[in-house]
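Peer 1: need coordinates for the below:
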Amino acid sequence: MLEIKDLTVQYGIEAPVMEDFNLSMKRGEIISIVGESGSGKTTVIRAVLGALPHGGRVVSGDVLFQGKSILDNSLEEWRRLRGTEMSMIFQDCGGTLNPIRKIGGQYVEYIRTHSRMSKWDAWKKAVEMLENMGLPAGENIMECYPHQLSGGMRQRVGIAMAMTFQPQLLLADEPTSALDVTTQAQIVQQMIELRDKYDTGIILVTHNLGVASYMADQLIVMHEGKVVDHGSRDEVMYHATSDYTKKLLQSVPELEGERFVS
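Peer 2: Residues are numbered from 1 along each chain as shown. This next block holds a predicted model:
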């Protein structure tokens, strides 16, 4: 479904922030990319989405989605792709919502931007998706402003919007880091259920090795813009090849002699 070949990204005339990144992903697979801040992990998914910040550019390599290179997509091709076949969840979905507009108005506008639905049908679709994401009384949520919802509820709204058109690929940028531990666990479980229900492929970017290892079919560890370990969850967890990954694993706390990532 998605293939990234020797991708290198650079900002201005500085040294590349990410070099020779490779990935091959099947439908319904979950891939976790782990690394510290500045390791290049968020750059990966922004490059896939064609949404690198100003000054960022792909200097070599390619990104293929469903067998087609997407790096040279026109604005219209990106508009058709984003939000429908490919969606993104951000670290704090509440920060991407307009604070002075109700959830319902924003959600209906989002749906109608990507489809020909009437306002009424879009409203019903939004309520259905919110309730599918574990938010009871979807009609009430639609009438709320973002600040009236908890962080976990806002994150579920963001996931609901991203999943509206059942995308083949979901890109998640630190989707649990702004949440308390209990809510983190609920959101992680929600994303796994989305994969199981819709066969959606997920690329999860996180610094949390516990979350990454729990969810991942493939685990990628990045350090200073380069991949230092890549393999199945068990290959990386139990047979890490880089000193950096070994140190990451050693830093995970233990409870009654058992590591949280096991």
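
Peer 1: pLDDT below threshold where in the protein?
Peer 2: 94, 178, 253-262 (pLDDT under 70).

Peer 1: can you tell me which helix in it is longest?
Peer 2: Longest helix in the chain, counting residues (DSSP state H): helix 181-198.

Peer 1: show me what it is packed against.
Peer 2: strand 30-34, helix 151-162, strand 169-173, strand 201-206, helix 209-215 (3 or more CB pairs under 8 Å, 6 or more residues apart in numbering; DSSP states H and E). Quick note: C-beta positions are derived from backbone N, CA and C, even for glycine.

Peer 1: and the angle for the longest one with strand 169-173?
Peer 2: Right, helix 151-162. Put simply, helix 151-162 runs at 150 degrees to strand 169-173, going by axes from the mean of the first three to the mean of the last three CA atoms, to 10 degrees.

Peer 1: pull the contacting residues for the residue most central in space within the chain.
Peer 2: When CA atoms, centre = their mean is applied to the chain, the residue found nearest the centroid is Ala172 (1.0 Å). Going by CB atoms under 8 Å, 6 or more residues apart in numbering, Ala172 touches 88-89, 191, 202-205.

Peer 1: closest to Leu2 among those?
Peer 2: Ile203 (8.0 Å; CB to CB).

Peer 1: columns distance to Val228 on top of the helices and strands packed on helix 181-198, output as JSON lines?
Peer 2: JSON lines is the format used below for these (distance: least, CB to CB, whole Å):
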{"stretch": "strand 30-34", "distance to Val228": "10"}
{"stretch": "helix 151-162", "distance to Val228": "29"}
{"stretch": "strand 169-173", "distance to Val228": "20"}
{"stretch": "strand 201-206", "distance to Val228": "16"}
{"stretch": "helix 209-215", "distance to Val228": "13"}
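
Peer 1: returning to that earlier point: what are the buried residues along the longest helix of the chain?
Peer 2: Residues of helix 181-198 classed as buried by neighbour count (16 or more other CB atoms under 10 Å): 183-184, 187-188, 190-191, 194-195.

Peer 1: what do you get for stretch 23-30?
Peer 2: For stretch 23-30, by 16+ other CB under 10 Å, it's 23, 25, 29-30.

Peer 1: show me the contact partners of that stretch.
Peer 2: 1-4, 31, 44, 168-169, 191-192, 195, 199-204, 215-218, 220.

Peer 1: drop anything exposed from those residues.
Peer 2: By 16+ other CB under 10 Å, the contacts of stretch 23-30 give 1-2, 4, 31, 44, 168-169, 191, 195, 200-204, 215-218, 220 as buried.
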